[in-house]
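Peer 1: fold the following and give me the result.
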Amino acid sequence: MSNLIPISELNELSYEEFINKINILFETALPLANALYSSRPFASYTSLISSATEFIQNPELPFSQKLEIINAHPRLGENKKNLSSLSLKEQGIKL
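Peer 2: Sure thing, here's the model as predicted:
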């Protein structure tokens, strides 16, 4: 996770900066990123991920938002040129 800034810095970012940084972890899932921005501050990345999990598992979350979050993740077997460097690492592809 060398691309991640300290959680204390993440907590202090402007909206646009926060969204750009959080997309490193969660691709471009705007409903999730917005919810996390509103939930700051976080004590750790573990608590941020716990908040993300709670948001996604909320039965009141509209289906359209769940679908947007799921669709933000790269498709299995997607062309490598369309993946972020973090996604490539996650899939074990050497850069």
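
Peer 1: how about the nearest residue to the residue most central in space within the chain, chain neighbours excluded?
Peer 2: Note on the chain: the residue nearest the mean C-alpha position is residue 26, at 2.0 Å, using C-alpha atoms, centre = their mean. Setting aside the residues directly before and after it, residue 26 is nearest to residue 32 in space (C-beta to C-beta, 6 or more residues apart in numbering), at 5.5 Å. Using the backbone N, CA and C atoms, a C-beta is placed for each residue, glycine as well.

Peer 1: return the residues in contact with the one you found.
Peer 2: 26, 52, 55-56, 69, 72 (C-beta atoms under 8 Å, 6 or more residues apart in numbering).

Peer 1: again, only this time at 6 Å
Peer 2: With contact set as C-beta atoms under 6 Å, 6 or more residues apart in numbering, residue 32 has these partners: 26, 52, 69.

Peer 1: same question for residue 68.
Peer 2: Residues in contact with residue 68 (C-beta under 6 Å, 6+ apart) are residue 31.

Peer 1: apply 7 Å and report the result again.
Peer 2: 29-31 (C-beta atoms under 7 Å, 6 or more residues apart in numbering).

Peer 1: can you pull the pLDDT of it?
Peer 2: Listed pLDDT for residue 68 reads 83.
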